Each structure stands twice: as C-alpha cells, then as structure tokens.
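Novice: Here's my sequence, what's the structure:
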Amino acid sequence: LLEHPTDIVTAVFSGTSTVASHLFETLLILFYLLVFGETFLRRFVEILPNFEEKREAVAISLQIERDLSAYLLTVTVINALVGVATALVMWACGVPAPVLWGAVAFCLNFVPILGPFFGVALFLAVGLVADGPAWIAILPAALYLGIHVAEGEWITPMVLARRFTINPVAVILALIFWYWMWGVPGAILAVPMLAIAKIVCDRLRPLRAFGHLLEG
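Specialist: As a prediction, the model looks like this:
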C-alpha cells in the first residue's frame with residue numbers, strides 16, 4: 001500500500017532538474033527584458049507616427065509597470081503567509097521538514113488553481129507515506145486545502161478585487177496555453193501576461209470589447 005504514495009513523491013521530485021532548467025531560461029529572459037526593456041520601449045515610441053500615439057504608449061507602459069509591481073508584491077506577501085501557515089500545519093501534524101513543505105506551498109501558490117490542486121495531491125501522498133491511521137494520513141492535505149480555500153476565496157479576492165478583476169475562465173485558458181508553451185514557468189507567468197493584455201485592451205479603443213470580456 002505504501003509503495004504507490006512513495007512512487008508519487010518520487011515522480012514529483014524526479015523532474016526537479018527539468019523544472020529548474022525551465023525556470024533558469026525564464027529568469028534569463030526576464031533579466032534581459034528588465035535590462036533592455038527601456039531601450040525597446042524608446043525604440044517603439046520612436047517609430048509611432050504621431051505624438052498622441054507616443055504619449056499613449058508611454059502611459060500604457062507606466063500603468064503596466066505600476067499595476068504589475070503592486071500585483072506581484074501583494075501576491076508574494078500572500079503566498080509567503082500561505083507558506084508560513086502550511087509550515088506550521090505540517091509541524092503540528094508531525095510531518096518531517098515542515099519548512100521545506102512551507103516553501104513548496106509558497107512556490108505552488110504562484111500558479112493559480114493548478115498549483116494548489118497539485119499541492120493537495122502532493123500533501124496527500126506525503127501523509128500516506130507516514131505511518132498511522134487513515135485520518136492522520138489525510139490530515140495534512142485537508143489542512144492545506146483549508147488554507148488554500150481561505151486564501152483563494154476570501155483573502156486574495158478581498159485584497160486584489162479593486163485593482164485586478166480577471167475572468168476565471170480566461171485565467172484557466174491562459175494557464176493551459178502558457179503551460180503548453182513554456183511548462184511550469186509559463187504557468188507562473190500566465191496571470192501577469194493576461195493582466196498585461198487586459199491593461200492594453202482597456203486603454204486601446206478598438207480592443208476595449210476584448211478587455212471587457214476579460215473582466216472578472
């Protein structure tokens with residue numbers, strides 16, 4: 001009975017090198033975008049035909065920078081709290097290396113919907129590996145699910161509702177597409193890229209209908 005959960009945990013960590021390589025590639029791309037992004041924006045503004053379009057392009061870029069900075073900071077703080085809560089729960093349940101599992105929960109929470117779903121399966125496998133009665137085995141996964149429900153249904157919507165409201169169906173489609181394109185890094189960047197698309201659509205009159213479609 002215990003071989004199957006062990007195989008699950010082994011399979012989860014067997015792809016660590018692949019995930020790490022994809023993350024490195026994504027971080028490298030983001031680094032060059034941060035270093036040369038201003039130059040790219042300057043060149044883009046220079047080729048626009050009139051002053052109004054130049055000013056609109058600058059305004060859109062500033063709004064994207066401001067809104068995404070606020071989003072990433074807020075989400076990082078929320079995910080850190082989720083990680084701390086998960087570590088405390090794992091410690092209370094007697095799971096070895098609770099800090100490690102808190103870090104895993106912190107990272108998984110950057111991928112909406114799919115990350116916590118994967119986390120529930122992972123913590124269930126961890127509980128099944130441990131010795132003890134059945135209710136002890138499912139307790140870590142159940143408590144982690146409770147933390148996720150509290151975060152996803154109340155805390156995050158309450159904090160981000162005024163600034164970011166994106167259609168959940170659009171989020172799911174973006175996750176599927178970017179995961180297919182880039183794997184795990186694509187899933188992590190799916191929501192920020194969707195937010196960028198919505199900001200651009202809201203500012204450009206011909207695309208406002210699509211921006212309204214993305215509205216939560």
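Novice: and the next element down the chain from the helix or strand harbouring Phe44?
Specialist: Per DSSP states H and E: Phe44 is located in helix 16-47. Per DSSP H and E, the first helix or strand lying C-terminal to helix 16-47 is helix 51-92.
Novice: what does the average pLDDT come to for that following helix?
Specialist: Per-region confidence: helix 51-92 scores 87 on mean pLDDT.
Novice: Show the average pLDDT along the helix holding Phe44.
Specialist: In the prediction, helix 16-47 has an average pLDDT of 69.
Novice: now swap in stretch 128-142 and tell me
Specialist: Stretch 128-142 comes out at a mean pLDDT of 74.
Novice: And stretch 189-202, by the same measure?
Specialist: Stretch 189-202 comes out at a mean pLDDT of 85.
Novice: mind checking which helix or strand the nearest residue to Leu194 once chain neighbours are set aside is in?
Specialist: Nearest non-adjacent residue to Leu194, counting by CB to CB, 6 or more residues apart in numbering: Ala174, 4.5 Å away. In this view, the C-beta of every residue, glycine as well, is placed from N, C-alpha and C. According to DSSP H and E, Ala174 maps onto helix 168-182.
Novice: Please identify the buried residues of that helix?
Specialist: Buried residues in helix 168-182, counted by 16 or more other CB atoms under 10 Å: Ala170, Val171, Ala174, Leu175, Trp178, Tyr179, Trp182.
Novice: Now do stretch 67-76: distance to the chain's middle.
Specialist: 11 Å (CA atoms, centre = their mean, to the nearest Å).
Novice: Need the contact partners of that stretch.
Specialist: Identification of contacts with stretch 67-76 by CB atoms under 8 Å, 6 or more residues apart in numbering yields Phe110, Thr156, Val159, Leu160, Arg163, Phe164, Pro192, Ala195, Ile196, Ile199.
Novice: Using the three-state scheme, assign the first one.
Specialist: So the one you mean is Phe110. Using DSSP: H, G, I helix; E, B strand; the rest coil as the criterion, the local structure at Phe110 reads coil.
Novice: leaving aside the residues next to it on the chain, what's closest to Val111?
Specialist: Ala187 (4.6 Å).
Novice: Please tell me how far the spatially most central residue of the chain sits from Ala125.
Specialist: For the chain, the residue nearest the mean C-alpha position is Phe110 (2.6 Å; CA atoms, centre = their mean). From Phe110 across to Ala125, the span is 21 Å (CB to CB, to the nearest Å).
Novice: sorry, back to before: now the residue nearest to Leu194: how far from Leu48?
Specialist: 28 Å.
Novice: I figured Ile136 hits Gly127, correct?
Specialist: Yes. Proximity of Ile136 to Gly127 meets the contact threshold set by CB atoms under 8 Å, at 7.0 Å.
Novice: quick one, which of these two is more surrounded?
Specialist: Gly127 (24 against 14; other CB atoms under 10 Å).
Novice: so where does that one fall, helix or strand?
Specialist: Applying DSSP H and E, one finds Gly127 within helix 114-129.
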